[in-house]
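> fold the following and give me the result.
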Amino acid sequence: MQTFKTLAKGAALVALSVILTACGNLENTAPEGPTPIPKAVRVEAGDAEVIVASPAGFCIDRATIDENARGTFMFLSDCRVVSASGKAARIPISSILTASISPTGLVGRENGSKAALTALGAFFETPVGLFSLGKSHVDGAVSILETKQTDAALYLLVEDKAFTDSAGVSNRYWRAFTEVNGRLVAFSVTGYSDVDLEEKRSLRIIRDFVQATLNANTAT
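Predicted coordinates for the structure are as follows:
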């Protein structure tokens, strides 16, 4: 029991770090000149290289990539590959995807990823953990509707009742956590309220997102 509490406490610190990375200021992060939207990018977090690879139908918006001492954060958008050129082109957005890479790894990984992910899940059930998962930053507004765990990743369906958006973005979204090259990586997928009421499509996208990233790093 004490070992589990220690893992949960350590996992809390790392999880907060990787989630706060996603809340960093993205102003002035766009590079000068054209901003291509590749299917995968190689970034650095805590002196370790990580490849983030997009799921089918999405590309990484290079203009949003923010690399700093707290880690790396980026947005992804819907895209299609133009067969004539082999290049990707933006299309109307159906879901909002993000990826955040912490400069540190999954706490307790030496005891097995399953135990470490279980401890991370336990942290997110606490008031501090729930608050960290929210978008509105309102106490008591966030709840976890569903939890799924594999040997490699933790998936959470989150609802933030205080979050509103004039464009119709849902207040329910999937988050996922895994470790890549010794770094904790967090993914999120948010759809639109009137399109994916049960978040089934978002779950499929985030699973593909995690697997594409794991495959890309294994291949190298």
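
> which residues does the most centrally placed residue in the chain bridge with?
The residue lying closest to the centre of the chain (CA atoms, centre = their mean) is residue 187, at 1.4 Å. Beta-bridge pairing for residue 187 (DSSP bridges): residue 99, residue 176.

> next, the contact list for it, please.
97-100, 175-178, 206, 209-210, 213 (CB atoms under 8 Å, 6 or more residues apart in numbering). Quick note: C-beta positions are derived from backbone N, CA and C, even for glycine.

> which one of those residues is nearest residue 119?
residue 177 (11.3 Å; CB to CB).

> hang on, the closest one packs against residue 185?
Yes. Residue 177 lies in contact with residue 185 (CB atoms under 8 Å); the separation is 7.2 Å.

> burial measure for residue 184, as a count.
Using other CB atoms under 10 Å, residue 184 has 29 neighbouring residues.

> to clarify, my last question referred to residue 68.
13.

> who's it bridged to?
Applying DSSP bridges, one finds that residue 68 bridges with residue 71.

> mind checking pLDDT for it?
pLDDT for residue 68: 90.

> now swap in the one 5 residues further on and tell me
The predicted structure scores residue 73 at 96 on the pLDDT scale.

> just confirm it contacts residue 60, I think it does.
No. Here residue 73 lies out of contact with residue 60, judged by CB under 8 Å, at a distance of 11.4 Å.

> what residues do the two have in common as contacts?
Counting by CB under 8 Å, 6+ apart, nothing touches both residue 73 and residue 60.

> ok, residue 183 - contacts?
Counting by CB under 8 Å, 6+ apart, residue 183 makes contact with 45-46, 48, 50, 71, 101-105.

> so can I have TSV of the residues you listed showing neighbour count?
Listed next are those as TSV, based on neighbours: other CB atoms under 10 Å:
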residue	neighbour count
45	27
46	18
48	15
50	24
71	27
101	27
102	26
103	20
104	17
105	19
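
> what's the most distant pair in those residues?
50 and 104 (12.4 Å).

> in the chain, where is pLDDT below threshold?
1-36, 81-89, 194-198, 220 (pLDDT under 70).

> now the helices for it?
In the chain, the helices defined using DSSP state H lie at 2-21, 113-124, 127-133, 200-219.

> can I get the second one in PDB, CA atoms only?
Spelled out, it's helix 113-124. Taking C-alpha atoms only, helix 113-124 is exported to PDB below (Å, rounded to 0.1, in the frame of the first residue of the first chain):
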ATOM      1  CA  SER A 113       4.100   0.300 -16.800                       C
ATOM      2  CA  LYS A 114       0.800  -1.200 -15.600                       C
ATOM      3  CA  ALA A 115       1.400  -0.300 -12.000                       C
ATOM      4  CA  ALA A 116       2.700   3.100 -12.900                       C
ATOM      5  CA  LEU A 117      -0.400   3.800 -15.000                       C
ATOM      6  CA  THR A 118      -2.700   2.500 -12.300                       C
ATOM      7  CA  ALA A 119      -1.100   5.000  -9.900                       C
ATOM      8  CA  LEU A 120      -1.500   7.800 -12.400                       C
ATOM      9  CA  GLY A 121      -5.100   6.900 -12.800                       C
ATOM     10  CA  ALA A 122      -5.500   7.000  -9.000                       C
ATOM     11  CA  PHE A 123      -4.100  10.500  -8.800                       C
ATOM     12  CA  PHE A 124      -6.500  11.700 -11.400                       C
END
